[in-house]
Structures are given as C-alpha cells and as structure tokens.
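# Next comes the sequence, and after it the predicted model I'd like to discuss.
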Amino acid sequence: MRFLITTPKKRQHSATASAVGFTNKNKQLWSYGDDRSLLKWDNGFEQTERAAELPADVYPTDLHWYPRRGGGGDGGGSASRNSSADLAAVACTDGKFRLVSGAGRTEKTVDAHRGAITSLRWSPDGSALATVGEDGQIKIWSKTGMLRATLAQGGMAVYSVAWSPAADKVLYPVGGQLVVKPLQPSSKTEQWKAHDGVILCTDWNVVNNRIISGGEDRKYKVWDSYGRVLYSSAAHDHPITSVRWAPSGEFFAAASFALVRLCDAAGWSHCLHRLDGSGSVYALAWTSECDQLALGCATGDVVLARVIGHKRQWMHFEICVETLDTISVSNILTGSVETLSDFREPVLKVSIAYGHLIVTTSSQALVYATTNWHTPVVIDLKDGLVSHIKQSPKQFALVDSVLGVLVYTYEGRLVSSPKVANCKADLLTAQTVAISDDTMAQIDQRDPKKVHIIDIASGQPIGKPIQHTIDVVEVALDQASGGLARHLTLVDKNRDLHVATVRRSTQTMAKLGTMVESMMWHDTWSILAALSNGKLSVWYIPSVVFIDPDIVAQTRADQDAGAFGASAAIESFVGNQCAIRRADGAVMPTGVSPYPAVLHAHASARKWDDAIRLCRFVKENTLWACLAALAAAAKELNAAEVAYAAIEAVDKVQYLAYIKTIPTVEGRNAEMTLFCHQIDEAEAILLTAGLVYRAINMNCQMFRWERALDLAMKHKTHMDTVIGFREKNLARFGNAHETNRKFLQVSRAVAVDWDKINEKIKAELEAERSRPGAVPYA
C-alpha cells in the first residue's frame, strides 16, 4: 500500500495547521490553524470556506468529533443516528475546550485546565470526554461539559490521551512512561517505561486493542494492551510528532518532520512519503472508510493522503488497487493482466479466495469470478460501512460496522444476517469473527470467555456458547467440506491454542499448543498451521486429540521458525504453501508436505485403498498416523487396522480385531466411538439400537459403575450382572469392601449367581447375532 498525496495549490492557513478532522455527516474535512481560523474544505480538496474564528490570543491544539453511537473512530465516524453526530470538541491554549456544531457554531465553552489543553478525546461510546493539559491533569467530562473526575495530577505536561476500547481506562504519557489509568479508583493503574525521551503522541485502537506511541527518541512503537512491546521502529531523523490508528485497526500513520509513514498494524512500514516544505506534522485524522488521511503541518499546509496499492494474492492471481477506482488482476501463470474499472466510487476493500474476488465501495459490493472478469455480481449496500470481508468456499461475509455480519452466496443472494445479543457491530474484527460454509463463530463482546456458534443458513445460535476459562482473543473455523464435524480453534489471552468440535451433540475442547503468535486453517482441508514456541507447527489432523490423543505428536510436523524472526504472522495457507510475513513486512513462502492434503481427499471420498497405497508409497510414520486417525473417525476398521499396524500400535490393532468380530453394525460403531473417547455417544448408539446389555457392559468396563447400575435398574435387567462385576472388581484390591449405598441396597435384594449371569450373557450375545443384518465386519 502507499499514499497518493494531494497538496492544495495555495496554502490556506497563514500559520500552523494544528488540528484536522472529518465530519461525521458528509465526511467534510475541517482544519484549525494558529491563525485562529476554522476552514471547511470541499470534497475536491481545492476550495475552502472560512467558517469561524477563535477569540484573540486563543489558539487551537486538538480537534475530535463525537463518535457515532456504539462506535469509535479518530475523527471521522460514519453518520450517526443521534443528535450529537455533528459535534466536535476543540482544545485551546486558554485552558478551555469548545463544543462546536457541524455548522461551525460554538455551542459551549468549558474552562478545564490551567494553561493550554494539549489533547482531548471522546470515549468510543460517546459517554465521556477526556482532556489533558500543560498543568499535568487528566480530567473526565460528561457529554454536556460537566466535570466528572480528575483522574490524575502531575508535575509534568501531558501531551496526549486515548481511551481503551471498553471506555473504562484512559491512556496518557508522563515523560517517557505510558500510564493506563482505570476510571474505577479501586482498580490497579498500569505503568511502564516506553521511550527514552518524552512521549509526544499516543493512540489506542478500538478494534484491535493495540496501542501506538511516538516520542522525542525519534521512534514509534506498537504495544498490546498489557504493555508488551510488539514492534519498535528504527530511529528517525526527527521526533515522532503524531500517530493515528485507522479506525479499522489494519494500519496506522506515523508522522515526523516533513515525513509521513503508512504502517501495518504489526508495525512494519508500507511506505514513506516526504513532505518537502511542510515542516513537522502536528495533526492526523482518518476518514471512517480508512481511505483518506488528513495532515496538519507546521507551515500551515493541510495535506490529503489517499490510500491506494492494496495487494492480495490467491493461487496464481495477484490483485492490486492501482488507483482510487482501478484494480489490476495479474495471472502469474499466463502473464495476462486484466484491468477492472467499473466502480462508481473509490475502492475501499478487496479480498480474493476460492475463485472469487470481492470488491467493496461505499455503496456497493462487486463479486467477480476468476473465470470471468467482465460481468460482476453487484450487491447494493445500505447505510453501512464494510470493515472486513471473510470468505469460505461457498459464500462470503461482509462485516459491516453498522449492520453487523451479512452472509451472501457468490451469486449475490443474502443467506442470513446472524445476530449475537449485546454485540456492537463496529467492534467486530477479523479475529473475533470466523465463518465456514455452514457455521459462524463469534467471540462474545461482554464476556470474551464465551464463543457463540451460529448456523449460517438460519442465522440462529447452535446450542449454548462454548465456554472457556479465560478470555478468548481469536477464533477460526476449518473450511473442510463433507467432514464428520466442524472444528473451531481459539487462542486465549495467554496465547494458548485450543481446538473444539462444533455442530455436535456434545461440544468438546482440547489444548493443542502454547505461546502461539499466529494460526491459520488450510483453505480446503482440516489442517492447521501455527507459529508456536519458535516453531512452525502443522497439525495434519487437529481433531486427533478427540480421536486418539496418543498419536497427536505423530500427526504434527515442526519446522524451526528462527528465520521468520519475532512477531511473524501467517498470511495464507493454500495448497502446500504457507506464507509467513516477517516483522519487517517481508513475506516468506514456506512449503509443507503435500501428502496429508491428498490423504484428506482420499478419506473424504472414502477411497481407503488409495489412501493405503499412498501411505505405502511415501513410507512415513506421520502419514500412517494421519490415516489411522482419519479411518478411526470414519469407523473404517480395515484401513485403521493397517495404519495402526504400520506405526506398531499393537494394543490398538488387537482391539480393532476384536471390534471386527462384533456382529452388529451398531455394536461396532459404538465400540469405535468408544475407541475415540466418546463414551456418552457410544452409549447412546447402543441404547438407540436396543443393545442394552452392551451398554451396561461398556459402562462396567469403563468403571462407570453407577451409570451401569442406573441402566440396569431402568431397563430391569442385568442388575445381578452389574453387582457381580462390581464384586469381582473389588476383590482385585484384597480387603476392599463395598461402601456405595446404592450398591449395598441393591446387593441385599439381588443374589449373584454366576451360572445364571453367564447364561443371560450368552443369550444376549446369541440374540445379537440373530438380529437382521448381523454379520461380522468384512
């Protein structure tokens, strides 16, 4: 990406342009200067209107527009539906802030600080205004300008302030320290040394919950909300005078003397532009669409920078936004280049995957098939702003900051608009929402320990949310089609990786890894890659933790990730190539074995003979272990037996041989389900088939004695069998005696006669063999 810089032919401010911002209603650019004038710029950025003027000896220092309802933003939120939509707070050197209407009229003036107010910010929900000044005080005000609290008082000037996404904390710098102060007096204040010099500017993004800072040490840094540094830039020639997140959280701008950078959220720089003759950049403001950045400069220049050059790659196609309304599509295999230019407005978002390119503007979404670039499907967007695009093989989702998640087919038909209670649409991110062909997962915004699972076809929740023990920060769904279950991966705030089954009668979760920096599912099969503990780990069958935990390590491949450096991220996982983006922005393609994907394809098509031949050709234990897991999950006994024999799991081969002797399909399915550690499901299979004795016997073998006795009492059969097996088990421990009251009560009423018990067991097995269709496994 890069900036397209536009500078007016004639300088409009006669002194420093110290504050800039975009109005909520019509995205008009406003600028305040040290000439005390307020200028309104037209959409062509050519003509200005002098709308107001501050009193004599009063100079502006900062400007921030009231955010839209439930949203954040840095000065350019989308149109709000409330009366405060066009209301700006302007900080001044006389210690007062002024509330200014969209017409430029000063509605209220509030005396706030001794000395100049250096910075102010509305809270993301618009409920409060934070101000800081040269007097070292941090104050919180109501929307109408009433003082609520003085959070801190210091002996040093404070130059910047920012709100946390939940609007419950305030970030501000003190010298070279960053301070996070909760609004609740009883909560702990966090503070850490961030820079070697005075910190001049900060920002905290509502969407990605990351902090950026810049200072006199000539560096900008990216932090997580816990104060851990994620990126530190090299020293520039001059102090960093301004930083500002784009509202989407995907990138930010950092400015210095006659210089502005466009940086990725990870910190690395997309581009650097020199602003010759403009002096230091003191003010930055983004539009809500994140496509334009306004800069206020020391010389009085107001500069407009438009973001172009977005690049996306999928398979052999490379997409690049060349200009505001032109996209080039390069086919790397053939060398051909297509130019797409049929857009009514500037291009805002692009995404390509699964044979389709999605392009959004402010009023439309266009869907192109990679086989036909000339006739896109056009979807009209209503009163919203697309912040993210998520794609799956059969459909895609537009994450709208007003309307929420909208799921469409690639033919343009609206499938559903899933809703989660108490969800603010503008806080949805690429990490908190995941989709597949049939399922959507979303982290609960009020309680991040919960993950909601939603059926896409109906838009309704599936059962209860998945409950984790600590906050979840990222979710992803596998994209495999025709699988036995859908799998969800989640990363919690401790950076532990967990996998869970969804769309099943019982939801189960297991831990896969620790210290995970980034993770991504394969684009077609249930294969998971993650950067974890200094390694690139690929789980070829992540669900093996639910099938056979003993072979988890054998189904995982590890590569040293030292070449990727710290803070690397997985950019894509397509075919047998995993693209890793380093902290400096370089993309390193990394190959993974192609055979597991082929094995998945054979298993999905139930071509087990082909799967066995593939494993015999490759001769790797990893592939045999993968086949063992896939065959066990599909209850394919012959393939599972061959695979377990290849990895020398003798005990499991013997157990599989026993299962093959069971005459009924239901009995074999239940034993295989038990083999996969799903005891309740195995019991349900047996009870549904009327195999009560097998269900009772299975519980006895698993030492679930009370459950076995409950089944015997419920069906009024084999109570003596359960008591007999229980007595034999206790006898193994020498002097052990029965202490369970339920067993003591039943044993008084039931006599244990092993001759009768054996006769009944023999009769049960004979009855099972006599059932219609009961034959040993072939």
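In hand now; what should we look at?
# Please pull out the lowest mean pLDDT helix or strand from the chain.
Using mean pLDDT, DSSP states H and E, the weakest-scoring helix or strand in the chain turns out to be strand 48-53, at a mean of 84.
# Each with direction, which strands does it pair with?
Sheet pairing for strand 48-53, assigned by DSSP bridges, gives strand 37-41 (antiparallel).
# Only the C-alpha atoms, please, for the strand it pairs with, written as PDB.
This file holds the C-alpha atoms of strand 37-41, laid out as PDB (Å, rounded to 0.1, in the frame of the first residue of the first chain):
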ATOM      1  CA  SER A  37      -9.500  30.300  11.700                       C
ATOM      2  CA  LEU A  38     -11.700  27.200  11.000                       C
ATOM      3  CA  LEU A  39     -11.600  26.200   7.400                       C
ATOM      4  CA  LYS A  40     -14.000  23.800   5.700                       C
ATOM      5  CA  TRP A  41     -12.700  22.000   2.700                       C
END
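# in that strand, what counts as buried?
By neighbour count with 16 or more other Cβ atoms under 10 Å, strand 37-41 contains the buried residues 37, 38, 39, 40, 41. No exception for glycine: its C-beta is placed from N, CA and C like everyone else's.
# Now render those residues as TSV, adding distance to residue 278 and pLDDT.
Listed next are these as TSV, based on distance: Cβ to Cβ, whole Å; pLDDT from 0 to 100:
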residue	distance to residue 278	pLDDT
37	18	91
38	20	90
39	16	91
40	21	90
41	16	89
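# possible to save these as CSV with distance to residue 537?
Below are these laid out as CSV (distance: Cβ to Cβ, whole Å):
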residue, distance to residue 537
37, 59
38, 56
39, 55
40, 55
41, 51
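# And the furthest pair within the residues you listed?
37 and 41 (12.5 Å; Cβ to Cβ).
# coming back round to it: who touches the following helix or strand past the least confident helix or strand of the chain?
Next in sequence after strand 48-53, counting helices and strands by DSSP states H and E, comes strand 60-65. Residues from elsewhere that reach strand 60-65 (Cβ atoms under 8 Å, 6 or more residues apart in numbering): 18-24, 30, 32-34, 36, 54, 73-77, 86-93, 116-122, 283, 285.
# ok, strand 60-65: who's next to it in the sheet?
Strand 60-65 is paired, per DSSP bridges, with strand 87-92 (antiparallel).
# Strand 60-65 and whichever helix or strand comes after the strand it pairs with, what's the angle between them?
Downstream of strand 87-92, the first helix or strand assigned by DSSP H and E is strand 96-101. Interaxial angle of strand 96-101 relative to strand 60-65 (axes from the mean of the first three to the mean of the last three Cα atoms, to 10 degrees): 40 degrees.
# Now do strand 96-101: distance to the chain's middle.
How far strand 96-101 lies from its chain's middle: 38 Å, per Cα atoms, centre = their mean, to the nearest Å.
# ditto for stretch 3-10
Using Cα atoms, centre = their mean, the offset of stretch 3-10 from its chain centre is 36 Å.
# Mind listing what's buried along that stretch?
Residues of stretch 3-10 classed as buried: 3, 7 (neighbour count, 16+ other Cβ under 10 Å).
# got it, and stretch 170-185?
170, 171, 172, 173, 174, 175, 176, 178, 179, 180, 181, 183.
# Return the closest of the residues you listed with respect to residue 502.
After measuring those against residue 502 - Cβ to Cβ - the closest member comes out as residue 180, at 35.2 Å.
# wait, which of the buried residues of stretch 170-185 is closest to residue 713?
Among the buried residues of stretch 170-185, and counting by Cβ to Cβ, the member closest to residue 713 is residue 183, at 58.3 Å.
# Counting by contacts, list what the lengthiest strand in the chain packs against.
Using DSSP state E, we find that the single longest strand of the chain is strand 372-380. Packing partners of strand 372-380 (3 or more Cβ pairs under 8 Å, 6 or more residues apart in numbering; DSSP states H and E): strand 364-369.
# Partner strands of the strand it packs on and their direction?
strand 356-360 (antiparallel), strand 372-380 (antiparallel).
# From residue 136, how far out is the residue nearest the centre of the chain?
In the chain, the centroid-proximal residue (Cα atoms, centre = their mean) is residue 431; its distance is 0.9 Å. Going from residue 431 to residue 136 by Cβ to Cβ, to the nearest Å gives 36 Å.
# repeat for residue 460
53 Å.
# In terms of neighbours, single out the busier of those two.
Per other Cβ atoms under 10 Å, whichever of residue 460 and residue 136 has more neighbours is residue 136, with 18 against 11.
# mind listing what the closest residue to that one other than its chain neighbours touches?
Excluding its sequence neighbours, the residue lying closest to residue 136 (Cβ to Cβ, 6 or more residues apart in numbering) is residue 154, at 3.7 Å. Taking Cβ under 8 Å, 6+ apart, we find residue 154 in contact with 136, 137, 174.
# would you say residue 550 is within a helix?
Yes. Counting by DSSP: H, G, I helix; E, B strand; the rest coil, residue 550 falls inside a helix.
# what's the spacing between it and residue 595?
Counting by Cβ to Cβ, the gap from residue 550 to residue 595 is 22 Å.
# Comparing the two, which residue is more hemmed in?
residue 595 (18 against 13).
# pLDDT at that one, what is it?
Listed pLDDT for residue 595 reads 95.
# is it true that it touches residue 618?
Yes. Using Cβ atoms under 8 Å, residue 595 is in contact with residue 618, at 5.3 Å.
# give me every residue that touches residue 539.
512, 527, 528, 529, 530, 552, 555, 556.
# just to revisit the earlier point, quickly note the distance from the residue nearest to the centre of the chain to residue 390.
From residue 431 to residue 390 the distance is 11 Å (Cβ to Cβ).
# got it, and residue 672?
From residue 672 to residue 390 the distance is 35 Å (Cβ to Cβ).
# quick one, which of those two is more surrounded?
Taking neighbours as other Cβ under 10 Å, residue 672 and residue 390 compare with residue 672 leading, 25 against 21.
# burial measure for the closest residue to residue 382 other than its chain neighbours, as a count.
Closest residue in space to residue 382, ignoring its immediate chain neighbours: residue 403 at 7.3 Å, by Cβ to Cβ, 6+ apart. For residue 403, the neighbour count with other Cβ under 10 Å is 16.
# Surely residue 403 and residue 426 touch.
No. Contact status for residue 403 versus residue 426: not in contact, 10.3 Å apart, counting by Cβ under 8 Å.
# and residue 507, what does it touch?
Residue 507 sits in contact with 453, 463, 464, 466, 500, 501, where contact means Cβ under 8 Å, 6+ apart.
# Type out the PyMOL command that picks the buried ones from those residues.
For the buried members of the contacts of residue 507, the matching PyMOL selection, counting by 16+ other Cβ under 10 Å, is:
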select buried, resi 453+466+500+501
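# Which members of the contacts of residue 507 define the maximum pairwise distance?
Farthest apart among the contacts of residue 507 by Cβ to Cβ are 464 and 501. That separation is 13.9 Å.
# re earlier: could I get the contacts of residue 154 in JSON lines, plus columns for distance to residue 380?
Shown next, in JSON lines, are the contacts of residue 154 (distance: Cβ to Cβ, whole Å):
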{"residue": "136", "distance to residue 380": "52"}
{"residue": "137", "distance to residue 380": "49"}
{"residue": "174", "distance to residue 380": "50"}
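# Just the closest of the residues you listed to residue 386, please.
residue 174 (38.8 Å).
# quick one: that closest one and residue 180, what's the gap?
Distance from residue 174 to residue 180, by Cβ to Cβ: 12 Å.
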